[in-house]
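> what would the 3D arrangement of this be:
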Amino acid sequence: QVPLVESGGGLVQAGDSLRLSCAASGRTFSRPFVVWFRQAPGKEREFVAGFHFSSGTSRLYGDSVKGRFTISRDNAKDTVYLQMNSLKTEDTAVYYCTDGDFLARNRGSYGSWGQGTPVTVSS
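Numbering: from 1, shown residues only. Below you'll find the predicted structure:
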């Protein structure tokens, strides 16, 4: 399956905000759940956020981002967003989005990954 396309990453300072985009370029979100994961250098890929795309419900967040990050969607644009507020240096990672038949925190539940978009938060 063609991977989704992430964009919007960059270099920001601690406390800043950033919005990432996940586009279904060349295809639609064919599976019901869309999730964001991230991977910092030398660390495992970590669940960040996920939800049921068409209804926008069943939102789930990783403990480290709860209250700071928000997942949302624009159905007309076939795009999912990750709004990241109050960024911390520990949020530095490459951020990936993908879709799947389930909403799960383990990366093994998802099989198609794109290039990701890098986020660097400086102190």
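> what strand or helix carries the residue nearest to the spatial centre of the chain?
Centroid check for the chain by CA atoms, centre = their mean gives W36 as the closest residue, at 2.6 Å. According to DSSP states H and E, W36 maps onto strand 33-39.
> strands of the protein, start to end?
Here the chain has its strands, by DSSP state E, at 5-7, 11-13, 18-23, 33-39, 46-52, 60-61, 69-74, 79-84, 93-100, 117-122.
> re earlier: contacts only, for the residue nearest to the centre of the chain.
When contacts are counted by CB atoms under 8 Å, 6 or more residues apart in numbering, W36 is found next to L20, C22, V48, A49, G50, I71, V80, L82, Y95, Y96, C97. All C-beta atoms are positioned from the backbone trio N, CA, C, and that covers glycine.
> tell me if I'm right that C22 and K77 touch.
No: counting by CB atoms under 8 Å, C22 does not reach K77; the two are 10.8 Å apart.
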